[in-house]
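A.B. asks: need a structure here:
(one chain, ligands or ions: 1)
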Amino acid sequence: MQNSISQQVEAQHRYFNTGQTRDVRFRKGLLKKLQAEIVRQEDAICEALYADFKKPKFETLIAETQFVLAELRMIIKHLELWVKPERVPSSILNFPSSDWIYNEPYGNVLIISPWNYPFQLTLLPLISAVAAGNTAVLKPSELTPKTSSVIQKLVSAVFEPEHVLVCQGDAEVAKSLLKEKWDYIFFTGSTRVGKIVYESAASQLTPVTLELGGKSPCVVDETAVPAQAARRIVWGKFLNAGQTCIAPDYILVHTQMKEQLLEELIKSIKSFFGENPEESKDLARIISPAHFERLKGLLSNEKILFGGAHNCADRFISPTLVDEPSKGSKIMQEEIFGPILPIISYQNESELEAWIHAGGKPLAAYLFSRRKSFQKKFVREFSFGGGTINDTLLQISNKNLPFGGVGKSGLGSYHGKRSFNTFSHQKAVVKRGTWLDFRFKYPPYNIPMNLIKKMKHIF
Ligand code: NAD
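C.D. replies: Presented below is the predicted three-dimensional model:
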């Protein structure tokens, strides 16, 4: 396997060195072709995601295909502007000069993606890697085989394999790929595997983006609007059956608000998914038997307030609310990544802080509160990748906002123009004029030292 992977990667290196991908019109042409191909295969993509884990078509359209198409439209529209060298103010010390930033493709990029939004999280980095002029190898998740096959078909209909190649397979394939020399690695997945990828990249000094996970808190204080907060939390939590990296992992609710919120959460779950959520067409299934068992295990020894139904044959778990798990419980020690929502009450802000700080820096955090001062404090005092006040998930919906984690939830960010920057090396170039050459910088150094200090404003 290693041999054939090495040969394919080598072919991409050779292709990159031909300079073909430096041609912006060539890149734009391929992105347009990709756009047309996604539109043409949109139904097949929806069917593949449904076959993999019954992802509702509506969710595939809004969070996978149309999400990617919107990014493609933005990139195609702005690419010619983004690739232009950017002139920046020059230093008077270098007079005469003009100073520039050139966006240069890194070269050969490896993109490893997870299963939860398998189309979006493979295609989004790909389109920016291509837009920036790189070649790329994609390693989609083995847990969504139907979607990975559609991605492979789609990619091979648009790109030559020496430009973009899909390598399907499990962790072993990913490990073989990591043995190769890459110019950039873009990884989305768990913190555990992120560390492995980071170590492997460090051994070759390869730059990385790591889009990881974590336990994202959702705080509801005593001033929140309970029915609205519940509706927005239930939507963000149970979309994709809770298998969303930025889903609220657990609720921290003020004791005065707990009862009301709980009542409204149950009302929302019933109104979204009916009395028997297994019959709802709008609830995805758990991705694999192993994840199903893991989630079931998280419920043992916990007090279930609502839900808790499951069906192993269908990998179904109903939206479940868990009451007051302890800090040391399994459910509070790992990222839940499923339709289970613990509810923990707090009495004062120091209790709240202790809970949030215990989880490390999460990928997302949410606050439902009408107190402006608390909103400000929440943003200022807690470190998290991104978040929304009085709603959930929406920080991902604006391409002008960076998407990424901090600390153990990730390294680097992307979306919109930032994605193009992520896959480009920003090369600094000073172009000097030849008609003037101040001599004072050359030895022997005759300029008085106190004059140097007086010239500080020009450094
Ligand atoms: P995962 O880390 O198990 O797998 C991700 C990818 O890594 C897969 O393609 C897998 O084949 C590969 N892989 C597995 N073991 C490997 C190894 N030893 N070496 C190299 N590659 C290996 O993650 P997952 O279960 O697919 O996805 C769920 C996780 O991803 C959650 O933690 C979630 O929070 C996170 N996630 C983060 C984001 C984000 O944007 N930050 C988005 C989606 C998911």
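
A.B. asks: can we go C-alpha only for contacts and neighbour counts from here?
C.D. replies: Noted.

A.B. asks: near the ligand, which residues of this protein?
C.D. replies: Proximity of the chain to the ligand, by Cα under 6 Å from any ligand atom, involves residues 112-116, 139-142, 170-171, 174-175, 188-190, 193, 197, 211-214, 245, 404.

A.B. asks: which of the residues you listed are buried?
C.D. replies: 112-116, 139-142, 174, 188-190, 197, 211-214, 245, 404 (16 or more other Cα atoms under 10 Å).

A.B. asks: what sits closest to whichever residue of the stretch 201-350 of the chain sits closest to the ligand if chain neighbours are left out?
C.D. replies: Here the stretch 201-350 of the chain gets closest to the ligand at one residue, residue 213, 3.1 Å apart by Cα to the nearest ligand atom. Nearest residue to residue 213, sequence neighbours excluded (Cα to Cα, 6 or more residues apart in numbering): residue 409, at 5.1 Å.

A.B. asks: the one you found: how many residues sit nearby?
C.D. replies: Per other Cα atoms under 10 Å, the neighbour tally for residue 409 reads 26.

A.B. asks: go on, residue 358?
C.D. replies: 12.

A.B. asks: I'd say residue 138 and residue 118 touch.
C.D. replies: No: with contact defined as Cα atoms under 8 Å, residue 138 does not reach residue 118; the gap is 11.5 Å.

A.B. asks: quick one: contacts for the residue nearest to residue 213?
C.D. replies: Shown in contact with residue 409 (Cα atoms under 8 Å, 6 or more residues apart in numbering): 191, 211, 212, 213, 214, 361, 362, 363, 385.

A.B. asks: who touches the closest residue to the first one other than its chain neighbours in this structure?
C.D. replies: Closest residue to residue 191 apart from its sequence neighbours, by Cα to Cα, 6+ apart: residue 212 at 5.3 Å. For residue 212, the set of contacting residues under the criterion of Cα under 8 Å, 6+ apart consists of 188, 189, 190, 191, 194, 245, 363, 405, 408, 409, 410.

A.B. asks: ok, now with 10 Å
C.D. replies: Counting by Cα atoms under 10 Å, 6 or more residues apart in numbering, residue 212 touches 187-195, 245-246, 362-363, 404-411.

A.B. asks: likewise for residue 246?
C.D. replies: Taking Cα under 10 Å, 6+ apart as the test, what residue 246 contacts is 212-217, 236-237, 337, 362-366, 385-387, 392-396, 405.

A.B. asks: okay, it and residue 295: tell me how far apart.
C.D. replies: Applying Cα to Cα, to the nearest Å, the value for residue 246 to residue 295 is 18 Å.

A.B. asks: again with residue 208
C.D. replies: 31 Å.

A.B. asks: between these two, which one's more packed in?
C.D. replies: Higher neighbour count among residue 208 and residue 295: residue 208, with 22 against 19, using other Cα under 10 Å.

A.B. asks: shaky segments in the protein?
C.D. replies: 1-2 (pLDDT under 70).

A.B. asks: now with 80, please.
C.D. replies: For the chain, residues meeting the criterion pLDDT under 80 lie at 1-3, 455-459.

A.B. asks: give me the most central residue, it.
C.D. replies: For the chain, the residue sitting closest to the mean C-alpha position, by Cα atoms, centre = their mean, is residue 211 at 4.8 Å.

A.B. asks: for that residue, which residues count as its bridge partners?
C.D. replies: residue 188, residue 410 (DSSP bridges).

A.B. asks: that one touches residue 415, doesn't it?
C.D. replies: No: at 12.0 Å, residue 211 does not count as touching residue 415 under the criterion of Cα atoms under 10 Å.

A.B. asks: my read is that residue 45 contacts residue 144, right?
C.D. replies: No: taking contacts as Cα under 10 Å, residue 45 lies outside contact range of residue 144: 11.5 Å.

A.B. asks: returning to that earlier point: got any residues that touch both of residue 211 and residue 415?
C.D. replies: Common neighbours of residue 211 and residue 415 (Cα under 10 Å, 6+ apart) are 403, 404.

A.B. asks: so which of the contacts of residue 212 belong to strands?
C.D. replies: Of the contacts of residue 212, the ones assigned to strands by DSSP state E are 187, 188, 410, 411.

A.B. asks: OK, contacts around the residue in the stretch 351-459 of the chain positioned nearest to the ligand?
C.D. replies: Of all residues in the stretch 351-459 of the chain, the one sitting closest to the ligand is residue 404 (6.0 Å; Cα to the nearest ligand atom). Residues near residue 404 by Cα under 10 Å, 6+ apart: 209-213, 363-364, 384-386, 396, 410-415.

A.B. asks: 6 Å instead?
C.D. replies: 211, 385, 413 (Cα atoms under 6 Å, 6 or more residues apart in numbering).

A.B. asks: just residue 389 next, same as before
C.D. replies: Taking Cα under 6 Å, 6+ apart, one finds 366, 367 in contact with residue 389.

A.B. asks: measure it to residue 177 for me?
C.D. replies: For residue 389, the distance to residue 177 - Cα to Cα - is 40 Å.

A.B. asks: and if you look at residue 237?
C.D. replies: Between residue 237 and residue 177 the computed distance is 34 Å (Cα to Cα).

A.B. asks: compare those two (neighbour count), which wins?
C.D. replies: The residue with more neighbours, out of residue 237 and residue 177, is residue 237; 26 against 22, by other Cα under 10 Å.
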